[in-house]
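Q: coordinates for the following, if possible.
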Amino acid sequence: MTNIMGTLSTAISGLYANNKALETTSHNIANVNNPNYVRQQAIQETSFYKRTSRFQTGTGVTVQQIRQIRNEFLDIKYREHSTGLGYYNSRNQILEQVQGIINETSGSGLQDVMTKFWNAWDELSKDASSSTKRGLLKQNATALVDTVNHYAKQLDDLQVNLNKQLKDKVNEINTITHRLRDLNIAIQGKETTAIKANDLRDERNALLDRLSEIADIDYYETQNGMVNVRLCGKHVVMNNNVTDLELRTNGSAFYDVYWSDDNIKVDIKSGEIAGIITARGDVAKTILGKNNGTVKQKVEIVIAVDTTSADMTKINATINAYKDDMKKRGLEPVFKLVTFGGGGTATELTTTFQNDITASFTTKPEAAEDFGQVVTLLEGMTYDPKSLRKLVVITDESIGGDGTPVSLANAKDYIKRLNALDVSTSVVSKEKYKKIGDTGEIGWEYLAQKTGGSFIDIDKSPASKLGVEISQLTTNDISSKMGQVKSYNEIIPSIKQRLNAFVNTIVRNVNYIHRQGVTFDGNPGQDFFVAINPTLPLQAGNIKLNDNLAELNNIAIGSRPHEADNGEIAKKIYDIRDDYIFGNLNPDNYFRDIVSDIGVVGKTANNFLKNKTTLRNEVDNKRKALSSVSLDEEMADMLKYQHSYAANSRVVNAVDDMLDRIINKVGIVGR
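A: As a prediction, the model looks like this:
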C-alpha cells in the first residue's frame, strides 16, 4: 500500500511541475510583444530519494525556481554602449538642427546673400550716380542683416530649447530613481519568501537600460535583491533611499545640475545629458565666462620698441598713426608701451593699459638686448580675461639684435610662452630679417606666424601710411583670433563665436571705409551698419542698417566732396571680399571654413553614432537571442509539458484504479 501511495505522490508532483511549466510558458507567450520582458523558465529538479529495502526510490520532481533567462554580462555591456550612444545621439540631433539653420545647400543661404551684397557694391562703383543701384544695394544689405540676425535668433532658440531638454532629462532621472527605489522595496518584500519577483525585475532592468542612456551610471545588486545606483561616484539610489538632482541658475538663464542635498555640481561626462550640456555650453566657463560666443571688442595692445633702432622719428610717428587708426576700427583698443634693447632690461612705461598714448622715444646706443625679456615682461602683466591681446614689436634688427643669434630652440620657447598667454605677435622690422636673422638665426616672420601675427617691412611706407597698414594687419590678426575655436565640443557657443566674428569683422571693415567717403550730397560718410543694442558689440543678431540710409543719397560712394560719385569708396568696400581680413582668409573662404567645420563635426558625430549603434545592436541581438520570447520554442515547450502532464494524469488514473480495486473489490469474492 505504501508503494502505491508513493507512486501516486510521484505522479502528482509531475502534474504540479508540468502545470507550473505550462503556466510559465503561457506567461511567456502572453508577453511576446513586451519589449522589456525576459522569458522565464520553470527549473525542475529531482525530488529526494527514499530507501526501501535494498533500493533507493525516486519521489518525483519539484520546481526549484521560475528563472529569468538573462545574461548579466550582456546587460552590463549593453548599458556601457548605451551611455556613449546617448551622448552621440544627442550631439548628432543637435548638429542636424544646426545644419538646418545654416543651410548652404539650398542656394538661399548666407553665402548667396553675401555674394549679392558684394556685387551690389561692385555695380554701384561702376555707376555711382544711379539711384536704382543705390536702392538695390540697400535691398541686398537689408537681406544680409535679416539673414545673419535670423541665424542668430535660431541659434539662440536652439540653445534655449536645449536648456529645456536638460530640465526634462533631469526630471526623468529623478522619476526613474524614485521608481527604482519603489521597485527595490517591492522586490525585497516578495523575495523574502524565496520567490523571484521576475516581472518587477524586468521593469527595474528596463529602467536601468533607460537611465544608462541618459547619464553615465554604475550599479550593483545587494544580497537582499536591491540595486544601488551611482552617478558620478555618488549614490542616487541606495537601498530604499534616493538622492535627487536639481537645476540651479547661477547668474544666468541657463541651468546647472546640482545634488539636492549639497552645493556640489554634478559633473556628468557621458549620456544624453552630457551631450546636451556640452552642445549648449558650460554656464560658468562659456556662457558667462566667454559671454556665450559674443565677440571680444576690447584689445590690449603692447607696443615693444627697440630703443636702439636708428630712425626713431619715423617709429614715433608710426606708433602715433597706428594708435589713431586703431581707434577708428570699431574695436576698443588700449595700449601699453614697452622698451627693450640699449643694454638694459625690458621696461614698461606705464603700469596699466591706457586709452591714449604718445610715442616720443630717442635712439640709444647699440648694446646687448634680449627679446626674451619682453616675453618675460608680458608674462608678468595683468590682463582683462575678456580681452584680446596683441604684441607689436618695432625694431630695425633681428631677433638677437646684437650679433648673437637666437637659437631655434629659444625662438620656439618664445612662441610657446606667447601662445600660452594667447598673445598674437606682429613684428615691424627690416625686410632682410623677415626670413632669416643673423647667421644661423630664424627670421621674425617665423615667430609672428606661429603666434597668429604678421610681419611688416619697416621701410615699406612712410610713417603715416605704415601706421595704417600695421593697424589693418592688426585688425586682421585680431579678427582671426576673435573667431578662433579650438574645438566644437561646445557646439552652439562655438558656432556663435565664429559667426559673430565673421559678421563683426565684415561690418567693422565696411564701416571703416564708408566713414572715409562722402555722400552724394557731399557730407561725410557715417557707419553703414549700427548696433540694435548699442551696449552690445556689432554681431549676428545685433546689427541693422543705419537709419540715415533710408535716404539713399546718404550712402557714401565717392572719396572726395567734389567727386562724390566717383565710386572709389564703393570699389574699396567691394574689394573687402578678396582681402585677407581674417588673417590668412578672405570673407568667402572664412565662411566656407565655418560651413565645412560644421559639416566635418556633424559627420564625425554621425560616424560615432553609427559605430555606437552597431556595437549596442550586436549586444542587444545577443540579449534578444537569449532572453526574448520565441513563439516556436514556446509552442514546442507547451506541447512537451502538455504531453508530460497527460502522461502523469494517466499514472494517477492507473493508481486510482489500483486503489479502487484494493479497497472495493479485494475480499468480496464468493459473497
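Q: from the contact counts, what lies against the helix or strand containing residue 600?
A: Residue 600 belongs to helix 587-627 when elements are defined using DSSP states H and E. Packing partners of helix 587-627 (3 or more Cβ pairs under 8 Å, 6 or more residues apart in numbering; DSSP states H and E): helix 72-101, helix 110-126, helix 491-514. (Glycine included, C-beta is placed from N, CA and C.)
Q: and if we set it to 6 Å?
A: Judged by 3 or more Cβ pairs under 6 Å, 6 or more residues apart in numbering; DSSP states H and E, helix 587-627 is in contact with helix 72-101, helix 491-514.
Q: would TSV of the ones you listed with mean pLDDT be doable?
A: Shown next, in TSV, are the helices and strands packed on helix 587-627 (pLDDT from 0 to 100):
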stretch	mean pLDDT
helix 72-101	95
helix 491-514	96
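Q: highest mean neighbour count out of these?
A: helix 491-514 (a mean of 24; mean count of other Cβ atoms under 10 Å).
Q: got the contact list for that helix?
A: 94, 148, 155, 159, 279-281, 286, 292-293, 295, 329-330, 479, 482-483, 485, 488, 525, 527-529, 538-540, 543, 556, 572-573, 576, 581, 587, 590-591, 594 (Cβ atoms under 6 Å, 6 or more residues apart in numbering).
Q: residues contacting residue 579?
A: Neighbours of residue 579 in contact, by Cβ under 6 Å, 6+ apart: none.
Q: put the alpha carbons of the helix or strand where residue 446 lies into PDB.
A: Per DSSP H and E, residue 446 falls inside helix 444-450. Output of helix 444-450 as PDB, limited to C-alpha atoms (Å, rounded to 0.1, in the frame of the first residue of the first chain):
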ATOM      1  CA  TRP A 444      60.900  87.400 -37.400                       C
ATOM      2  CA  GLU A 445      58.200  86.000 -39.700                       C
ATOM      3  CA  TYR A 446      58.500  82.600 -38.200                       C
ATOM      4  CA  LEU A 447      57.800  83.900 -34.700                       C
ATOM      5  CA  ALA A 448      54.900  86.100 -36.000                       C
ATOM      6  CA  GLN A 449      53.200  83.400 -38.000                       C
ATOM      7  CA  LYS A 450      53.400  80.800 -35.200                       C
END
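Q: can you point out the buried residues in whatever helix or strand comes next after that helix?
A: Following helix 444-450 in sequence order, the next helix or strand is strand 455-457 (DSSP H and E). For strand 455-457, burial by neighbour count (16 or more other Cβ atoms under 10 Å) applies to 455, 456.
Q: quick one: mean pLDDT for strand 455-457?
A: Mean pLDDT, computed over strand 455-457, is 95.
Q: okay, the angle between the helix or strand following that strand and helix 587-627?
A: Remark: after strand 455-457, the chain's next helix or strand is helix 463-482, criterion DSSP H and E. Interaxial angle of helix 463-482 relative to helix 587-627 (axes from the mean of the first three to the mean of the last three Cα atoms, to 10 degrees): 10 degrees.
Q: and helix 463-482, what does it pack onto?
A: helix 312-326, strand 388-394.
Q: what's in contact with that helix?
A: 295, 299, 314, 317-318, 321-322, 325-326, 329, 388, 390, 424, 452-454, 456, 501, 505, 581-583.
Q: can you check stretch 133-142 too?
A: Here stretch 133-142 makes contact (Cβ under 6 Å, 6+ apart) with 116, 117, 120, 123, 124, 127, 545, 552, 555.
Q: can you pick the most crowded of those?
A: Within these, most neighbours by other Cβ atoms under 10 Å means residue 555, with 28 neighbours.
Q: ok now do it, which residues does it touch?
A: Counting by Cβ under 6 Å, 6+ apart, residue 555 has contacts residue 134.
Q: now do 8 Å
A: 124, 134, 137, 138, 519, 520, 528, 549 (Cβ atoms under 8 Å, 6 or more residues apart in numbering).
Q: TSV please, covering these and showing distance to residue 644 and secondary structure.
A: Formatted as TSV, the contacts of residue 555 follow (distance: Cβ to Cβ, whole Å; DSSP: H, G, I helix; E, B strand; the rest coil):
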residue	distance to residue 644	secondary structure
124	95	helix
134	96	helix
137	91	helix
138	90	helix
519	102	coil
520	103	coil
528	91	coil
549	93	helix
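Q: from the residues you listed, pick the one nearest residue 170.
A: Nearest to residue 170 among the contacts of residue 555 is residue 528, at 46.0 Å by Cβ to Cβ.
Q: please name the nearest non-neighbouring residue to the closest one.
A: Spatial nearest neighbour of residue 528, excluding adjacent residues (Cβ to Cβ, 6 or more residues apart in numbering): residue 514 at 4.3 Å.
Q: could you check how far the one you found is from residue 555?
A: Noted for residue 514: a distance of 8 Å to residue 555, by Cβ to Cβ, to the nearest Å.
Q: one step back: now do the helix holding residue 600 against helix 491-514, angle only.
A: 170 degrees.
Q: just the mean pLDDT for helix 587-627, thanks.
A: On average, helix 587-627 scores 94.
Q: next helix or strand past it?
A: Heading C-terminal from helix 587-627 (DSSP H and E), you reach helix 631-664.
Q: packing partners for that following helix?
A: Counting by 3+ Cβ pairs under 8 Å, 6+ apart, helix 631-664 packs on helix 2-30.
Q: dump the helix or strand just after the helix it packs on to PDB, restricted to CA.
A: As assigned by DSSP H and E, the chain's next helix or strand after helix 2-30 is strand 40-46. What follows is strand 40-46, C-alpha atoms only, in PDB (Å, rounded to 0.1, in the frame of the first residue of the first chain):
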ATOM      1  CA  GLN A  40      11.100  32.700 -17.900                       C
ATOM      2  CA  GLN A  41      11.700  29.000 -17.400                       C
ATOM      3  CA  ALA A  42      10.500  26.600 -14.800                       C
ATOM      4  CA  ILE A  43      13.600  24.900 -13.500                       C
ATOM      5  CA  GLN A  44      12.700  21.300 -12.400                       C
ATOM      6  CA  GLU A  45      14.700  19.200 -10.100                       C
ATOM      7  CA  THR A  46      14.500  15.600  -9.000                       C
END
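Q: which residues does strand 40-46 contact?
A: Residues from elsewhere that reach strand 40-46 (Cβ under 8 Å, 6+ apart): 17, 20-21, 23-24, 27-28, 58, 61-69, 198.
Q: ok, now stretch 181-194?
A: By Cβ under 8 Å, 6+ apart, the list of residues contacting stretch 181-194 reads 197, 200-201, 203-204, 207, 224-227, 237, 239-242.
Q: which one of these is nearest to residue 663?
A: residue 197 (44.9 Å).
Q: and the contacts of helix 463-482, which of them are buried?
A: Using 16+ other Cβ under 10 Å, the buried ones in the contacts of helix 463-482 are 295, 299, 314, 317-318, 321-322, 325-326, 329, 388, 390, 424, 452-454, 456, 501, 505, 581-583.
Q: can you put the helices and strands packed on helix 463-482 in CSV and add distance to residue 533 and mean pLDDT?
A: Below are those laid out as CSV (distance: least, Cβ to Cβ, whole Å; pLDDT from 0 to 100):
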stretch, distance to residue 533, mean pLDDT
helix 312-326, 24, 95
strand 388-394, 21, 96
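Q: tell me which of these lies nearest to residue 258.
A: Closest to residue 258 of the helices and strands packed on helix 463-482 is strand 388-394 (Cβ to Cβ; 33.4 Å).
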